[in-house]
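Colleague: Quick one: sequence plus predicted model below, questions after.
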Amino acid sequence: MVSVQYGHFAGLAAYVLWWVNAAMAVVSLLGIPYVQLKLQPPGIQHVPPAVLLPYIAALTSGAAGGVVCQYGNISARLQVPVIIVSYLEVGAGIAATISVYSIVFSKHYNRSIPTQDLVYQDMILCGPFGQGSFALQALGGVVMKSFGQYNRGVFLTAAAGTTIGYGVYTNAAVQLGKIMDSPAFKVWSTALLLMLLVLWFMNQIFTVKGIITGKLLGLDHGWRWRYLPESVSAGEESKDA
């Protein structure tokens, strides 16, 4: 546990930082989609997979809530609010993700809308359900313990915790490997982790390349636009005139 290895205050520090992160995730979940709807032009062609990022933030926060409760060695009284808020984040994130998925897939099936330049964003589609799966498994583990210790009312009891407890994809595979003690899932999660590292390095390489060429920043002529021939510049000026 975090508190055993680094002291009791380490768990409390992680607990406080989680609440800060949860507040930012909720603001992102509610605010960023609203701003996007107000500023972006209408039409499904302007709905890239990147719009899922605020929902992934909420799902990641929900998953982190389960991790903090599991390893932070904090009391059940402090765990229960985290669990409830985490489940609310997961519910909101999954529901919003499903609606956006339908839009993104409809855009892909519409052959008249070009999507080749944004194909790299399709990897984002793996994020919500992977994080959501991990969050549900992590929260399910702490619910069965913390609800029994809290034991108040009708919902926050050991009996309800047992029912609720058994209710990014790499994280889900890793967690499944731990829960099932399955060598197959452990090998599969290791392979996924290696693939994730390769993709991360490739992403960094292409990001640097895109910045150097200017393509990533939307520069049609790259960073060399100022070195265009004078005849071309003069022609453009006369055309504008």
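Modeller: Done, it's in. Numbering: from 1, shown residues only.
Colleague: hey, let's count contacts and neighbours off CA atoms from now on
Modeller: Fine.
Colleague: what's the spacing between residue 69 and residue 143?
Modeller: Here residue 69 is placed at a distance of 9 Å from residue 143 (Cα to Cα, to the nearest Å).
Colleague: Return stretch 200-212 as PDB; C-alpha atoms alone will do.
Modeller: Taking C-alpha atoms only, stretch 200-212 is exported to PDB below (Å, rounded to 0.1, in the frame of the first residue of the first chain):
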ATOM      1  CA  TRP A 200       4.000   6.000 -27.800                       C
ATOM      2  CA  PHE A 201       7.500   6.200 -29.300                       C
ATOM      3  CA  MET A 202       6.100   6.400 -32.900                       C
ATOM      4  CA  ASN A 203       3.700   9.100 -31.800                       C
ATOM      5  CA  GLN A 204       6.600  11.200 -30.400                       C
ATOM      6  CA  ILE A 205       8.600  10.700 -33.500                       C
ATOM      7  CA  PHE A 206       5.800  11.700 -35.900                       C
ATOM      8  CA  THR A 207       4.900  14.600 -33.600                       C
ATOM      9  CA  VAL A 208       8.400  16.000 -33.800                       C
ATOM     10  CA  LYS A 209       8.400  15.500 -37.500                       C
ATOM     11  CA  GLY A 210       5.100  17.300 -37.900                       C
ATOM     12  CA  ILE A 211       6.400  20.200 -35.900                       C
ATOM     13  CA  ILE A 212       9.600  20.400 -37.900                       C
END
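Colleague: I'd like the average pLDDT over it.
Modeller: On average, the pLDDT along stretch 200-212 is 82.
Colleague: on that earlier part again, mind listing the shared neighbours of residue 69 and residue 143?
Modeller: Both residue 69 and residue 143 are contacted by residue 83, under the criterion Cα atoms under 8 Å, 6 or more residues apart in numbering.
Colleague: Pick out whichever of those two has more residues nearby.
Modeller: Neighbour count, other Cα atoms under 10 Å: between residue 69 and residue 143, residue 143 has more, with 30 against 26.
Colleague: from memory that one sits against residue 84, does it?
Modeller: No: using Cα atoms under 8 Å, residue 143 makes no contact with residue 84, being 9.6 Å away.
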